[in-house]
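Visitor: whatever this is, show me its structure:
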Amino acid sequence: MRLEISCQDRLGITQDVLDILVTHEIDLRGIEIEQSGKIFLNFPNIEFADFQHLMPQIRRIDGIDDVKTTPFMPGERERNQLSAVLRTLPDPVFSIDTRGQVVMCNEAVMADLGMNAAAIKGLEISELVKGFNFMRWMEGKETKHQTAKVKFVQEDFLADILPITVPDDENTPILAGAVVMLKSEIRLGQQFSAFHQPDSDSFDHFVTDSAAMRKAVKEAKQVADLDAPILIFGETGTGKEMIAKACHQASRRSEGAFLALNCASLPDEVAETEMFGCAPGAYNQPNGKVGLLELAQGGTLLLDEIADMSSQLQVKLLRVLEDGEFRRVGGDEPVSVDVRIISTTCQDLGQLVEEGRFRKELYYRLNVLSLVVPSLKERRADILPLAELFILQHSGKLGRRPAKLSKPCADFLQQYPWPGNVRQMQNALYRALSLLNGNEINKEDVQVPNCAPASTYIDENFDGTLDEEVKKFEKDLLKRLYPSYPSTRQLAKKLGLSHTAIANKLREYGINKGTVKV
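Guide: Numbering: from 1, shown residues only. Down below sits the predicted model:
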């Protein structure tokens with residue numbers, strides 16, 4: 001039981017309270033006196049009848065203002081608060097006395113040493129933490145905060161050593177011990193990275209209701225601040241460039257430029273000068289031209305659809321990745337660059353390497369860190385939240401109030417296969433809002449190609465063999481699936497076959513991006 005007694009400043013008032021406890025034969029466990037005019041008592045629980053007599057007797061003492069029970073003593077609260085802080089700190093922390101012996105330690109210390117608190121208490125700190133003379137420091141004329149490199153459990157740590165002082169009767173601080181906090185190189189690196197991170201999370205704007213997208217964003221966050229190249233796989237329209245930009249913004253290069261080159265949309269010569277620039281006099285450029293690699297110095301260069309890069313450019317890019325320098329088109333002087341390369345592709349680069357259509361050395365240079373952005377059909381839980389987000393964004397651009405989705409329209413959006421993924425849905429909703437008269441979007445307002453599976457019917461009088469008809473059906477099936485699964489590995493997984501078998505069938509039937517609208 002604990003009592004909180006509010007009283008006046010009178011000589012002997014505490015003794016009067018203790019005399020009453022002696023009269024009731026109460027064994028006192030603890031007493032604390034605060035200058036604010038409070039006395040705290042700690043004693044074993046007593047019978048209710050005795051308690052009823054005790055309280056009025058204390059109240060009748062001259063100078064006592066109030067008496068009430070309290071759940072804890074001030075010292076108990078402070079000790080438990082300190083213990084809670086120590087327990088939750090991830091770094092090893094010791095408290096030592098003036099003899100250099102451990103008085104208290106946290107769970108991180110116990111975990112590293114493989115010992116409990118009782119076994120550690122009383123040990124010399126110099127036996128555990130090497131590289132700093134704690135006794136010389138405490139016996140010095142001025143004991144101030146110190147930072148030193150030390151060894152603990154055979155590993156390097158940075159130690160913050162802070163003196164603990166207690167004021168004497170004349171309010172002069174007297175050394176009572178020290179607190180020793182250890183930080184590992186890994187922890188210091190984590191704190192440094194956290195300090196330099198941008199104020200807002202660059203991944204916050206992604207819709208991640210689905211498990212597939214949550215996984216993709218989590219992995220992107222993990223690789224964003226690493227400085228190695230990233231290769232991002234995903235179908236057309238999944239948002240690969242947005243992931244790339246978020247990785248740049250979350251990296252230590254965020255203050256540098258983020259530039260992009262679409263490898264599929266430019267002829268070879270134009271793409272080469274865009275990336276590497278040209279020397280003065282080349283291509284009728286009297287002053288030359290600075291390429292994207294130089295403009296992105298200290299930042300990030302995105303190579304969109306890297307699978308469509310020509311063989312000549314692949315060789316030059318490989319040299320940049322190996323040597324960190326290049327030569328402008330028509331120039332002789334090497335140009336050094338510090339640029340992070342992020343590449344995207346909707347094709348199976350591994351298969352292209354096997355077919356000799358993409359350089360193996362470049363593939364392994366680019367594919368140091370890889371990410372896969374899921375298609376919209378793999379993240380069904382994100383469809384309606386994405387739709388509502390796009391409606392809100394488009395409505396602002398169009399200067400109208402945000403419309404609502406009708407129930408049939410919402411069901412349709414969730415069931416549609418979306419071969420063009422997020423980009424297709426975004427464009428479809430923009431068109432619907434642009435032409436909408438009312439305030440509700442119906443199924444008929446969303447104009448998208450019919451992707452319902454075509455019925456297959458074989459006439460009983462068909463010409464040819466069973467094998468020929470099976471091949472016709474197989475070819476038709478692959479043609480219909482290819483727009484949604486433009487990677488042989490994805491298509492193979494869908495049909496339960498090896499990616500080599502699927503690649504052979506696509507080659508046999510002449511199915512590729514040129515023959516099928518993706």
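
Visitor: Thr344 versus Ala503, what's the distance?
Guide: Distance, Ala503 to Thr344, by Cβ to Cβ, to the nearest Å: 21 Å. Using the backbone N, CA and C atoms, a C-beta is placed for each residue, glycine as well.

Visitor: ugh, wrong one, Asp27
Guide: From Asp27 to Thr344 the distance is 76 Å (Cβ to Cβ).

Visitor: between those two, who's got more neighbours?
Guide: The neighbour count for Asp27 versus Thr344, taken as other Cβ atoms under 10 Å, is higher for Thr344 (25 against 8).

Visitor: please list all residues in contact with Pro173.
Guide: When contacts are counted by Cβ atoms under 8 Å, 6 or more residues apart in numbering, Pro173 is found next to 165-167.

Visitor: which of those residues fall in strands?
Guide: 165-167 (DSSP state E).

Visitor: of those residues - the most surrounded one?
Guide: Thr165 (14 neighbours).

Visitor: from Pro167, how far out is the residue lying closest to it once chain neighbours are set aside?
Guide: Nearest residue to Thr165 in three dimensions, chain neighbours excluded: Pro173, at 3.7 Å (Cβ to Cβ, 6 or more residues apart in numbering). Between Pro173 and Pro167 the computed distance is 6 Å (Cβ to Cβ).

Visitor: likewise Ile441?
Guide: For Ile441, the distance to Pro167 - Cβ to Cβ - is 72 Å.

Visitor: pLDDT below threshold where in the stretch 201-350 of the chain?
Guide: 201 (pLDDT under 70).

Visitor: recalculate using a threshold of 90.
Guide: For the stretch 201-350 of the chain, applying pLDDT under 90 flags the ranges 201-205, 208, 225-227, 251-252, 254-255, 263-291, 309-313, 322-335, 347-350.

Visitor: again, but for the stretch 51-200 of the chain
Guide: Within the stretch 51-200 of the chain, the stretches with pLDDT under 90 are 51-53, 70-91, 104, 106-108, 111-112, 117, 138-144, 154-156, 164-176, 183-200.

Visitor: tell me where it has helices.
Guide: For the stretch 51-200 of the chain, the helices defined by DSSP state H, counting those that start in this stretch occupy 74-88, 107-113, 117-120, 125-128, 134-139, 185-195.

Visitor: among the ones you listed, which is nearest Gly464?
Guide: Closest of the helices of the stretch 51-200 of the chain to Gly464 is helix 185-195, at 65.4 Å (criterion: Cβ to Cβ).

Visitor: tell me the helix or strand right after the closest one.
Guide: helix 211-224 (DSSP states H and E).

Visitor: with only the CA atoms kept, save the next helix or strand after that following helix in CSV.
Guide: Next along the chain after helix 211-224, taking DSSP H and E as the criterion, comes strand 230-233. Only the C-alpha atoms of strand 230-233 are listed here, as CSV (Å, rounded to 0.1, in the frame of the first residue of the first chain):
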residue,chain,number,x,y,z
ILE,A,230,17.9,-1.7,-61.3
LEU,A,231,16.1,-3.7,-63.9
ILE,A,232,12.3,-3.4,-63.7
PHE,A,233,10.1,-6.0,-65.4
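
Visitor: and the helix or strand that strand 230-233 is followed by, C-alpha only, in CSV?
Guide: Per DSSP H and E, the first helix or strand lying C-terminal to strand 230-233 is helix 240-249. Taking Å, rounded to 0.1, in the frame of the first residue of the first chain, the C-alpha atoms of helix 240-249 are listed here in CSV:
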residue,chain,number,x,y,z
LYS,A,240,7.3,0.8,-64.4
GLU,A,241,8.5,4.4,-64.9
MET,A,242,6.6,5.6,-61.8
ILE,A,243,8.4,2.9,-59.7
ALA,A,244,11.8,4.0,-61.3
LYS,A,245,11.1,7.6,-60.4
ALA,A,246,10.1,6.7,-56.8
CYS,A,247,13.3,4.8,-56.5
HIS,A,248,15.3,7.8,-57.6
GLN,A,249,13.4,10.2,-55.2
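
Visitor: same for helix 240-249, what does it pack against?
Guide: helix 211-224, strand 230-233, strand 258-262, strand 300-304, strand 340-345 (3 or more Cβ pairs under 8 Å, 6 or more residues apart in numbering; DSSP states H and E).

Visitor: adjacent strands (with direction) for the shortest one?
Guide: Neighbouring strands of strand 230-233 in its sheet, by DSSP bridges, are strand 340-345 (parallel), strand 369-372 (parallel).

Visitor: show me what contacts the spatially most central residue of the chain?
Guide: Nearest residue to the geometric centre of the chain (Cα atoms, centre = their mean): Lys221, 4.2 Å. Applying Cβ under 8 Å, 6+ apart, we find Lys221 in contact with 203, 250.

Visitor: neighbours of the nearest residue to Asn262 once chain neighbours are set aside, just the number please.
Guide: Nearest residue to Asn262, sequence neighbours excluded (Cβ to Cβ, 6+ apart): Asp304, at 4.6 Å. Asp304 has 20 neighbours, counted by other Cβ under 10 Å.

Visitor: and Asp304, how far is that from Ala246?
Guide: 15 Å.

Visitor: ok, Gln424 next?
Guide: From Gln424 to Ala246 the distance is 21 Å (Cβ to Cβ).

Visitor: between those two, who's got more neighbours?
Guide: Ala246 (21 against 18).

Visitor: isn't that one right up against Phe203?
Guide: Yes: at 5.1 Å, Ala246 and Phe203 qualify as touching, with contact defined as Cβ atoms under 8 Å.

Visitor: flag every buried residue along stretch 219-229.
Guide: Residues 220, 223-224, 229 are the ones in stretch 219-229 that count as buried (16 or more other Cβ atoms under 10 Å).
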